[in-house]
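3D model of this:
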Amino acid sequence: MRFSFSMLLALLLVGGCGGAEQPGYERAEPAQAITPDEASPDEAADLGGPAVPPGFVDRKIVYTATVDLVVEDFDPVPAEIDALLKRFDAYVAHSEILGSPGRPRHGEWVIRVPVDRYSELLAAARELGEPRSVRSDSRDVTEEYYDVEARIRNKRQEEQRLLKLLETATGELKDVLEIERELSRVREETERMEGRLRVLQDTTSLTTVTLRIEEIENYVPPEVAGYGTRARRAWEQSLSALLATVQTASLVAVALLPWAAVVFVLGLPVFLLRRLFRSGRKSPFSVPAAVITSDEDRTTSAGDEKR
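A predicted model of the protein is given here:
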């Protein structure tokens, strides 16, 4: 049987795009997520996972939590966290401790724990100190998980068809090389999908708990604010606003000082020239009005005496 490039093209259309069926080759179905009715024990076993009973889908949920605690003494905290890890079969993915003895210290631990021990570890972690905030999140990746599984299954089928075609190929060298290139592409896509599936398996089988602990002496948890507390807070906020306004005004004044100096330097010569010009317009022989008034007063006084 002589191999031709048209047969290769037909094979790729059948295996990759779901085209018309060709004699001797099985048509690959488009990749889609497995529904509860479609899941079977054989499919799960082929992918290396546990057998899934018919009519049941194992939900894939990614759980994350962040616990913020306050303690008065930071010294026993690392040992308590180590005991917590051994108790719940967990491990630390990342940790960081800042500060030194005699000064306030704080640390952060990113803990990975099996999903079936997630709730227990979260409850035990809250007992290590005074909870300041606890936040938990979940994300359902079931559809993506089974979609990637189905795509991997289809790619493996496409790889098997290419291998069979390569074994029976007796055509030209360029056609054989074309099959090998397609085989390499399919394997690369399969490996990429398998990597994504491993990530999903890791994030759904192990949950992530971020534990933050800060050392604060004589810590008092915040209480519900009463009228006095609200009035004090309103006063403090108003005072802070006033202080911020004064600071802003002072900054504006400081910013305007260079411009004021420039205006003064340029305006002073103009002001002096105007004064000099006004004084130069007066006659040097003009008699002040006060002198004329005094002479008239003396003349009037002399006439009155003669009478």
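
among the helices and strands of the protein, which has the poorest mean pLDDT?
In the chain, no helix or strand scores lower on mean pLDDT, DSSP states H and E than helix 41-46, which sits at a mean of 44.

can you get me the start-to-end distance on stretch 121-136?
End-to-end distance of stretch 121-136 (C-alpha to C-alpha, to the nearest Å): 13 Å.

ok, stretch 169-178 next?
So stretch 169-178: terminal residues 11 Å apart, C-alpha to C-alpha.

now do stretch 213-227
End residues of stretch 213-227 are separated by 32 Å (C-alpha to C-alpha).

let's number from 45 now, not from 1
Done: numbering now begins at 45, and the last item shifts to stretch 257-271.

what segments of the stretch 195-344 of the chain are strands?
250-259 (DSSP state E, counting those that start in this stretch).

picking up where we left off before, need the next SSE after the least confident helix or strand of the chain, C-terminal direction.
strand 105-115 (DSSP states H and E).

list the contacts of the following helix or strand past that following strand.
Going down the chain from strand 105-115, the next helix or strand is helix 121-131, by DSSP H and E. Helix 121-131 is touched from outside by 115, 134-136, 141, 151, 153, 155, 165, 168-169, 172-173, 255, 257, with contacts defined as C-beta atoms under 8 Å, 6 or more residues apart in numbering. In this view, the C-beta of every residue, glycine as well, is placed from N, C-alpha and C.

swap in 10 Å and give it another go.
For helix 121-131, contacts defined as C-beta atoms under 10 Å, 6 or more residues apart in numbering pick out 113, 115, 134-136, 139, 141, 149-151, 153, 155-157, 161, 164-165, 168-169, 171-173, 253, 255, 257, 259.

can you say which of those are buried?
113, 115, 134, 149-151, 153, 155-157, 161, 165, 169, 172-173, 253, 255, 257, 259 (16 or more other C-beta atoms under 10 Å).

same for the biggest helix by length in the chain, what does it pack against?
Under DSSP state H, the helix in the chain containing the largest number of residues is helix 271-324. If contacts are counted by 3 or more C-beta pairs under 10 Å, 6 or more residues apart in numbering; DSSP states H and E, helix 271-324 sits against no helix or strand.

what does the model give Leu210 for pLDDT?
We have a pLDDT of 82 for Leu210.

what does Pro328 give?
Looking at Pro328, its pLDDT stands at 50.

go on, Arg276?
If you check Arg276, the pLDDT there is 77.

that one: how many residues sit nearby?
When neighbours are defined as other C-beta atoms under 10 Å, Arg276 has 12 of them.

any idea how far Ser282 is from it?
Per C-beta to C-beta, to the nearest Å, Arg276 is found 11 Å from Ser282.

with Glu202 instead?
Counting by C-beta to C-beta, the gap from Glu202 to Ser282 is 72 Å.

who's more crowded, the two?
In this view Glu202 and Ser282 are compared by other C-beta under 10 Å, and Glu202 has more residues nearby, 23 against 10.

can you count the residues close to the closest residue to Arg103 other than its chain neighbours?
Leaving out its chain neighbours, the residue that sits closest to Arg103 by C-beta to C-beta, 6 or more residues apart in numbering is Thr186, at 5.1 Å. Residues lying near Thr186 (other C-beta under 10 Å) number 16.
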